[in-house]
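In: I'll drop the sequence and a predicted model, then ask my questions.
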Amino acid sequence: MDSDAFLSMLSGAIGSRVSVVIDAGLYKGTYKSRIEDVSPQAVGLAHPTLRGALLPVHRSVHIKINVETGGALYITEASIVRGITVDSVPILWVAPVGEAIRMQRRQFVRVPCLLKTGLFRLAGEEYSLEKEEWATANAKDISLGGMGFAILPDREHSFVVGERYLLDMAIGEKRFLLVANLVKKLPKGEFHEVGMAFESVPALIEKALRDFIRQQELAERQL
């Protein structure tokens with residue numbers, strides 16, 4: 001979908017959820033936002049925040065935006081145009097660049113597993129890996145996009161939708177750390193199903209994950 005058609009579609013998607021992705025630099029990460037306004041040339045987003053303050057951004061910097069609307073997920077690159085305040089709401093205007101790609105919701109193969117995983121909630125301004133406690137849980141499935149867990153009800157308060165977590169897992173003989181967003185928590189029988197989506201997967205970890213997922217697929221076929 002070209003940028004003009006994408007903006008036209010977004011004109012009817014005010015309030016839709018958006019993730020702003022910065023791939024490099026001091027403020028590398030994924031930030032939650034939503035669509036506040038749309039013009040023929042750009043889309044106005046609720047200005048992302050970092051630890052309670054507006055995320056510092058610069059004009060013409062390229063970012064990625066992931067837009068959830070109409071039951072679909074669209075991904076495109078965008079260029080920052082300007083930031084303004086309207087009725088006390090800070091707005092970040094960004095112009096889509098190139099094609100907007102519609103992604104399948106389950107774009108990665110998901111396989112069952114029993115990976116013991118450490119989880120550390122990255123919340124608040126004063127969190128410290130030395131001071132805070134890690135939780136542990138066994139993942140029930142994994143893909144290149146994320147992991148799923150089954151959590152007992154007495155532990156579900158530690159898992160908050162929308163929060164970021166540092167995951168510590170062992171694949172083979174190596175340990176890896178990944179940052180993930182908690183995107184789903186639903187009661188199911190005696191457990192709560194929790195879904196984590198990885199923010200990004202470095203090439204070294206991606207290779208290890210691919211090899212592990214392939215091994216799990218082969219093991220499943222032999223059962």
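Out: Ah, there it is. Keep in mind that what you see is a predicted model, and the values were worked out from it rather than measured. Residues are numbered from 1 along each chain as shown.

In: Show me the strands in this protein, by range?
Out: 17-22, 29-38, 43-46, 49-50, 53-54, 62-69, 72-86, 89-103, 111-121, 135-142, 146-151, 164-171, 174-188, 191-198 (DSSP state E).

In: Could you break the protein into its assigned domains?
Out: With automatic domain parsing as the criterion, the domains of the chain are listed as 3-103, 111-222.

In: how distant is the first one from the center of its chain?
Out: Averaged C-alpha coordinates place domain 3-103 at 14 Å from its chain's average position (CA atoms, centre = their mean, to the nearest Å).

In: If you average the pLDDT over it, what comes out?
Out: When the per-residue pLDDT values of domain 3-103 are averaged, the result is 88.

In: can you check the longest one too?
Out: Along domain 111-222, the predicted local confidence has a mean pLDDT of 84.

In: Same question for stretch 164-184: list its buried residues.
Out: Of the residues in stretch 164-184, those buried under the neighbour-count criterion (16 or more other CB atoms under 10 Å) are 164-169, 171, 176, 178-182. C-betas here are computed from N, CA, C, even on glycine.

In: What of stretch 83-100?
Out: In terms of neighbour count (16+ other CB under 10 Å), stretch 83-100 has its buried residues at Gly83, Pro90, Ile91, Leu92, Trp93, Val94, Ala95, Pro96, Ala100.

In: same check, this time on stretch 143-158
Out: So, applying 16+ other CB under 10 Å, buried residues of stretch 143-158: Ser143, Gly145, Gly146, Met147, Gly148, Phe149, Ala150, Ile151.

In: Please apply the same query to stretch 60-69.
Out: Using 16+ other CB under 10 Å as the test for burial, stretch 60-69 gives Ile63, Ile65, Asn66, Val67, Glu68, Thr69.
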